[in-house]
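A.B. asks: pasting the structure only:
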C-alpha cells in the first residue's frame, strides 16, 4: 500500500503544478488546511476519503486518477517503432507515432541518383515538402522545382508528383499533407 501513497503524492504535485496552483491555493480551493496538503504531497499522509474527494474535485479529476500509477509527462518513441516503408530505393518514415485526422507527416530519404514517384493524395489536400539535406528536384504535373536544404515546395496534393535526388549525397525531405490548406 506504500505505492498508493507515493502515487498520490506524485499525482497531486503534477496536477497542481500543471494547473499552476500553489499548495496554499489548492488547499483553499479544496477546503483543507495547507499543512494537510503538504503532508499528502510528501507521501507520508494517509488521507480520509473526504479529503481525497475534496482534492479530486478541486483538481477536476476522479479519485482514481489521484491514486493510479502516475502518467508519464513524455513518451519516447524509438525511430524503429515509427511506421516506415520502402518506395523503390527511397525510405519513407512517419514522423508522428499517432494518426492525426486530416494530417500526414513523413520523412523521406532518397539515395543519390534515385527517383521516387509520389502517390497523389485525396482531392482538396495540400502538400508541403521541406528539403533538409541534399539536392532534390520535385516534378508536379509537368512543372519542376529544384530544392536546396531549407527550401519548401507547396502544391496540391492530388497532383502527380515525383522526387529525384540530383546530388551526390542522400537527400532528405519532410512531406506534410493537410486535408485543407493551412491558414497563414
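C.D. replies: Received the coordinates, thanks. All values derive from a computational prediction rather than experimental measurement. Numbering: from 1, shown residues only.
A.B. asks: tell me what the lengthiest helix in the chain is packed against?
C.D. replies: Ranked by residue count under DSSP state H, the longest helix found in the chain is helix 2-18. Packed against helix 2-18 by the contact rule (3 or more Cβ pairs under 8 Å, 6 or more residues apart in numbering; DSSP states H and E) you find helix 34-41, helix 49-59, helix 63-67. Quick note: C-beta positions are derived from backbone N, CA and C, even for glycine.
A.B. asks: take those helices and write them to CSV, including mean pLDDT, mean neighbour count and distance to residue 79.
C.D. replies: Output for these, formatted as CSV (pLDDT from 0 to 100; neighbours: other Cβ atoms under 10 Å; distance: least, Cβ to Cβ, whole Å):
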stretch, mean pLDDT, mean neighbour count, distance to residue 79
helix 34-41, 94, 18, 37
helix 49-59, 95, 17, 36
helix 63-67, 92, 15, 32
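A.B. asks: just put those in JSON lines and tack on distance to residue 161.
C.D. replies: Formatted as JSON lines, the helices and strands packed on helix 2-18 follow (distance: least, Cβ to Cβ, whole Å):
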{"stretch": "helix 34-41", "distance to residue 161": "56"}
{"stretch": "helix 49-59", "distance to residue 161": "50"}
{"stretch": "helix 63-67", "distance to residue 161": "47"}
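A.B. asks: of all those, which lies closest to residue 16?
C.D. replies: helix 49-59 (7.0 Å; Cβ to Cβ).
A.B. asks: tell me how far that closest one lies from the chain's centre.
C.D. replies: Its chain's average C-alpha position is 31 Å from that of helix 49-59, according to Cα atoms, centre = their mean, to the nearest Å.
A.B. asks: show me what contacts the residue of the chain most remote from its centre?
C.D. replies: Distance from the C-alpha centroid of the chain, by Cα atoms, centre = their mean, peaks at residue 33 (38.6 Å). Residue 33 is in contact with residue 27, counting by Cβ atoms under 8 Å, 6 or more residues apart in numbering.
A.B. asks: what bridges to residue 161?
C.D. replies: Counting by DSSP bridges, residue 161 is bridged to residue 118, residue 140.
A.B. asks: tell me if I'm right that it and residue 127 touch.
C.D. replies: Yes. If you go by Cβ atoms under 8 Å, residue 161 and residue 127 touch, sitting 7.5 Å apart.
A.B. asks: anything in contact with each of those two?
C.D. replies: Listed as contacting both residue 161 and residue 127 by Cβ under 8 Å, 6+ apart are residue 155.
A.B. asks: so what's the residue sitting nearest the centre point of the chain closest to, chain neighbours aside?
C.D. replies: Residue closest to the average C-alpha location in the chain (Cα atoms, centre = their mean): residue 96, at 6.1 Å. Excluding its sequence neighbours, the residue lying closest to residue 96 (Cβ to Cβ, 6 or more residues apart in numbering) is residue 105, at 5.4 Å.
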